[in-house]
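Asks: okay, structure incoming, though there's no sequence with it:
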C-alpha cells in the first residue's frame with residue numbers, strides 16, 4: 001500500500017463564500033482524501049496544487065493546522081452574518097486522520113461557543129465521537145448531518161469507494177445521531193449510470209435511510225468535471241468495460257443527458273415521498289453579506 005503523506009498548511013480564511021450550492025458558506029479542514037472515491041468531484045482541486053487527481057489526491061493530504069483559530073476570529077467579526085456553515089463540501093472532514101488531528105472537532109467547539117449553525121456531509125463513522133458537540137450545537141443554533149450512501153451493494157462499495165467505512169457503518173452512525181436529536185439525512189450521491197440508477201437500487205437506499213433515522217433523502221446524478229472524468233472513465237474501463245462506451249458517448253461535457261438527469265430527479269422525488277422522507281432542505285439563513293473572502297466554486301457530484 002502506498003504511503004500517505006500528511007502535510008500541514010496554514011490558512012488565511014477558514015470560511016469560504018460559495019456560489020450555486022444550497023448553502024452560502026463552507027469550511028474544509030482537509031484537502032485530498034484517503035476515502036479515494038472514484039467519482040469524487042474534489043479530485044480536480046489537487047491540480048491547483050500542481051498534483052494529480054488520481055493517486056496524489058488520495059495520498060497527499062493537506063491539513064489546515066490553524067483553521068480553528070482563524071474560524072474563531074472570523075465568527076467574532078461584526079461583519080459575520082451568522083449563517084449556517086457547511087463542513088466537508090470538498091473532502092470528508094472525518095477521514096481517519098481527524099481522529100488524531102481533531103481539527104473538525106476544534107471547529108465545532110468554536111461554533112458551539114459562537115452559537116453558529118452547521119451542516120456536515122460525511123461518509124465516516126468517526127463523527128459519532130462528536131455527538132456531544134453536535135447535540136449541544138443543535139439545541140443552541142441548529143446542526144444537520146448528511147451521510148453520503150451511494151450503494152448498499154458491498155462488492156460495488158469496495159470497488160467504487162475503497163477507502164471508506166461500509167454503508168452499514170454510516171447507517172448505524174446516523175441512527176446514533178438521530179437518537180441524540182440531531183437532524184440527519186441521506187444523500188445518494190452520486191447516482192452512477194448503469195451502476196446505481198435502477199429504481200430498486202435507489203428504493204433500497206431510501207428505505208435503509210428511513211429505517212435508520214434519516215429525516216430526508218435525496219438522490220443526485222453523477223457530474224464529471226474534466227480531470228475527474230479522466231480518472232473515473234479510466235476506472236470504468238478497467239472495472240466495468242461494458243459500460244465504458246455509454247459513458248464516453250454520453251458524458252461529452254460534465255453532465256449526463258438531460259433526460260437521464262430528469263429521470264433521476266423524478267425517481268428521487270417519488271421514492272423519497274413513498275418512504276415518508278423529504279428532500280434535503282436549504283438551511284434557514286440570514287441574507288448573504290458580501291465579504292472580501294475567497295470564493296469556492298464547488299459542485300457536489
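Replies: Perfect, I can see it now. As the structure is a prediction and not an experimental result, all values here were calculated from the model. Residues are numbered from 1 along each chain as shown.
Asks: for residue 99, grab the count of nearby residues.
Replies: Using other CB atoms under 10 Å as the criterion, residue 99 is surrounded by 12 other residues. In this view, the C-beta of every residue, glycine as well, is placed from N, C-alpha and C.
Asks: contact partners for it?
Replies: Applying CB atoms under 8 Å, 6 or more residues apart in numbering to residue 99 gives the contacts 126, 129.
Asks: which strand or helix spans it?
Replies: Counting by DSSP states H and E, the element that carries residue 99 is helix 98-101.
Asks: over to residue 106?
Replies: Here residue 106 is assigned to helix 103-114, by DSSP H and E.
Asks: so for that helix, what gets flagged as buried?
Replies: Under the neighbour-count criterion of 16 or more other CB atoms under 10 Å, helix 103-114 has 103, 104, 105, 107, 108, 109, 110, 111, 112, 114 buried.
Asks: just to revisit the earlier point, gap between the helix holding residue 99 and the chain center?
Replies: Centroid separation between helix 98-101 and its chain, computed with CA atoms, centre = their mean, to the nearest Å, is 18 Å.
Asks: where along the chain do the helices fall?
Replies: Applying DSSP state H to the chain gives helices spanning 55-59, 67-76, 98-101, 103-114, 131-140, 154-160, 167-179, 199-211, 226-239, 241-250, 258-274.
Asks: buried deepest among these, which one?
Replies: For the helices of the chain, ranked by mean neighbour count under the definition mean count of other CB atoms under 10 Å, the leader is helix 103-114 at a mean of 21.
Asks: how close does residue 75 sit to residue 16?
Replies: Distance, residue 75 to residue 16, using CB to CB, to the nearest Å: 14 Å.
Asks: the helix holding residue 99 - what's its average pLDDT?
Replies: Taken as a whole, helix 98-101 carries a mean pLDDT of 98.
Asks: which stretches of this protein have low pLDDT?
Replies: With pLDDT under 70 as the threshold, the chain has low-confidence stretches at 1, 279-301.
Asks: so in it, which strand runs the longest?
Replies: For the chain, the strand that runs over the most residues, judged by DSSP state E, is strand 183-191.
Asks: tell me what that strand is packed against?
Replies: Applying 3 or more CB pairs under 8 Å, 6 or more residues apart in numbering; DSSP states H and E, we find strand 183-191 packed against strand 143-148, helix 167-179, helix 199-211, strand 217-221.
Asks: contacts for the first one next, please.
Replies: Outside strand 143-148, the residues within contact range by CB under 8 Å, 6+ apart are 117-123, 127, 134-135, 137, 170-171, 173-174, 177, 182-189, 214, 216, 280, 283.
Asks: if we use 6 Å, what do you get?
Replies: Outside of strand 143-148, the residues that reach it under the criterion CB atoms under 6 Å, 6 or more residues apart in numbering are 118-121, 123, 134, 137, 170, 174, 177, 182-187, 189.
Asks: which neighbours in the sheet does that strand have, and how are they oriented?
Replies: Looking at strand 143-148 with DSSP bridges, its partner strands are strand 118-122 (parallel), strand 183-191 (parallel).
Asks: between helix 167-179 and the first one, find me the angle.
Replies: Taking axes from the mean of the first three to the mean of the last three CA atoms, to 10 degrees, one finds that strand 118-122 is oriented at 160 degrees with respect to helix 167-179.
Asks: again with the longest one
Replies: With the same axes, to 10 degrees defining the directions, strand 183-191 sits at 150 degrees from helix 167-179.
Asks: circling back: what is the helix holding residue 106 packed up against?
Replies: Contact here means 3 or more CB pairs under 6 Å, 6 or more residues apart in numbering; DSSP states H and E; on that basis helix 103-114 packs against helix 67-76, helix 131-140.
Asks: and those: which comes nearest residue 247?
Replies: Among those, helix 67-76 comes nearest to residue 247, with 36.6 Å by CB to CB.
Asks: counting contacts, what elements does the closest one pack onto?
Replies: For helix 67-76, the elements it packs on are helix 103-114, judged by 3+ CB pairs under 6 Å, 6+ apart.
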